[in-house]
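**Q** please work out how this folds:
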Amino acid sequence: MKTTNFKNTKISYTDQGKGTAVVLLHGFLENQSMWKAFIPELTKKHRIITIDLLGHGETECLGYVHTMEDQADMVHHVLHELKIRKAVLIGHSMGGYVALAFAELYPGNVKGIVLQNSTSRADSDERKANRDRAILAVKQNYSAFIRMSIANLFSEDNRERLTDTIEEVKSEALKTPLQGIVAALEGMKIRKDREAILHFASYPIQLILGKKDPVLNYTENLEQIEGTQVQLTTFEDGHMSHFENKNDLLYTLTKFLYQL
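**A** Below is the predicted model:
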């Protein structure tokens with residue numbers, strides 16, 4: 001684990017392997033440990049950078065609202081420090097929002113994007129209201145909020161099959177400070193719609209969706225790629241494809257990286 005300083009905030013990241021630079025960006029309530037099963041394989045042919053996003057994992061909080069632009073600027077700072085000019089960005093859920101913010105701010109630094117269980121669209125009014133409810137809930141009962149939130153990310157069929165995994169994910173999520181959780185929710189709530197990137201980007205983009213994703217409606221998410229060159233991969237399960245569809249996801253990522 002390495003660290004750097006961004007706006008007087010400690011940022012934690014790893015840098016392993018050689019080849020095309022690939023940045024792995026975790027989701028809300030996660031940290032860079034979510035990628036640990038993939039790193040041995042991916043580092044065989046690529047330079048893999050994992051980063052704890054602001055207010056998550058070992059990375060400190062920058063403020064009380066972490067916008068997707070704040071997160072993207074932090075990622076850019078890490079890449080600049082590593083002297084990496086172009087990278088592929090792979091983002092799970094919130095990590096996908098950060099990847100798209102990065103692509104908007106630093107288009108010349110992007111070689112490709114994978115949106116894993118993520119969307120280019122802004123929050124609907126209903127989702128914004130849900131974020132506000134989540135902020136109240138986590139302030140009232142931090143532990144109960146996290147335990148319930150994590151279980152609800154898996155498809156119902158997998159909640160029994162992956163009991164041990166879910167417990168492990170919960171224990172990692174419980175390392176996330178309250179300030180980091182609220183700042184992320186506030187930042188996701190106000191994020192911009194970036195669907196235009198899917199239509200006009202000059203680099204390849206892959207969208208990975210779960211048919212039974214309890215968080216992102218599968219059919220609605222298909223709409224954003226109509227008339228685009230975006231490559232679509234569909235899994236049969238939920239929001240946590242790195243656990244629910246681990247082998248298939250590794251195959252999909254490897255195949256995407258091979259074509260670059």
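**Q** going by C-alpha atoms from here, please, whenever you check contacts or count neighbours.
**A** Will do.
**Q** ok, residue 13 - how many residues close by?
**A** As a burial measure, residue 13 scores 19 neighbours (other CA atoms under 10 Å).
**Q** quick one: secondary structure of it?
**A** For residue 13, the assignment made with DSSP: H, G, I helix; E, B strand; the rest coil gives strand.
**Q** nearest spatial neighbour of residue 144, skipping sequence neighbours?
**A** residue 138 (7.9 Å; CA to CA, 6 or more residues apart in numbering).
**Q** name the SS class of that neighbour, please.
**A** Using three-state DSSP, the structure places residue 138 in helix.
**Q** let me see the contact set for the residue nearest to residue 84 when sequence neighbours are not counted.
**A** Nearest residue to residue 84 in three dimensions, chain neighbours excluded: residue 21, at 7.3 Å (CA to CA, 6+ apart). Residues in contact with residue 21 (CA atoms under 8 Å, 6 or more residues apart in numbering) are 46, 47, 48, 49, 84, 86, 87, 88.
**Q** residue 21 should be in a helix, yeah?
**A** No - counting by three-state DSSP, residue 21 falls outside a helix, being strand.
**Q** so what sits opposite it in the bridge?
**A** On the basis of DSSP bridges, residue 21 is bridged to residue 47.
**Q** now the one 4 residues further on
**A** Residue 25 forms beta bridges with residue 51, residue 91, as assigned by DSSP bridges.
**Q** didn't residue 158 look like it was pressed against residue 243?
**A** No - using CA atoms under 8 Å, residue 158 makes no contact with residue 243, being 9.8 Å away.
**Q** looking at those two, which one has more neighbours?
**A** Between residue 158 and residue 243, residue 243 has the larger neighbour count (other CA under 10 Å), namely 19 against 15.
**Q** and the more buried one, what pLDDT?
**A** With respect to pLDDT, residue 243 scores 98.
**Q** let's verify it: helix, strand, or coil?
**A** Here residue 243 is recorded as helix under three-state DSSP.
**Q** which secondary structure element contains the nearest residue to it once chain neighbours are set aside?
**A** Here the nearest residue to residue 243 in space, its sequence neighbours aside, is residue 165; by CA to CA, 6+ apart that works out to 7.7 Å. Assignment of secondary structure by DSSP states H and E places residue 165 within helix 163-173.
**Q** same check on residue 89?
**A** Going by DSSP H and E, residue 89 is part of strand 87-92.
**Q** which other helices and strands contact that strand?
**A** Strand 87-92 makes packing contacts with strand 20-25, helix 94-105, strand 110-116 when contacts are defined by 3 or more CA pairs under 8 Å, 6 or more residues apart in numbering; DSSP states H and E.
**Q** can you put the ones you listed in JSON lines and add mean pLDDT and distance to residue 192?
**A** Formatted as JSON lines, the helices and strands packed on strand 87-92 follow (pLDDT from 0 to 100; distance: least, CA to CA, whole Å):
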{"stretch": "strand 20-25", "mean pLDDT": "99", "distance to residue 192": "18"}
{"stretch": "helix 94-105", "mean pLDDT": "99", "distance to residue 192": "8"}
{"stretch": "strand 110-116", "mean pLDDT": "98", "distance to residue 192": "16"}
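**Q** same list (the ones you listed) but as a markdown table, adding distance to residue 234.
**A** Below are these laid out as a markdown table (distance: least, CA to CA, whole Å):
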| stretch | distance to residue 234 |
| --- | --- |
| strand 20-25 | 20 |
| helix 94-105 | 16 |
| strand 110-116 | 10 |
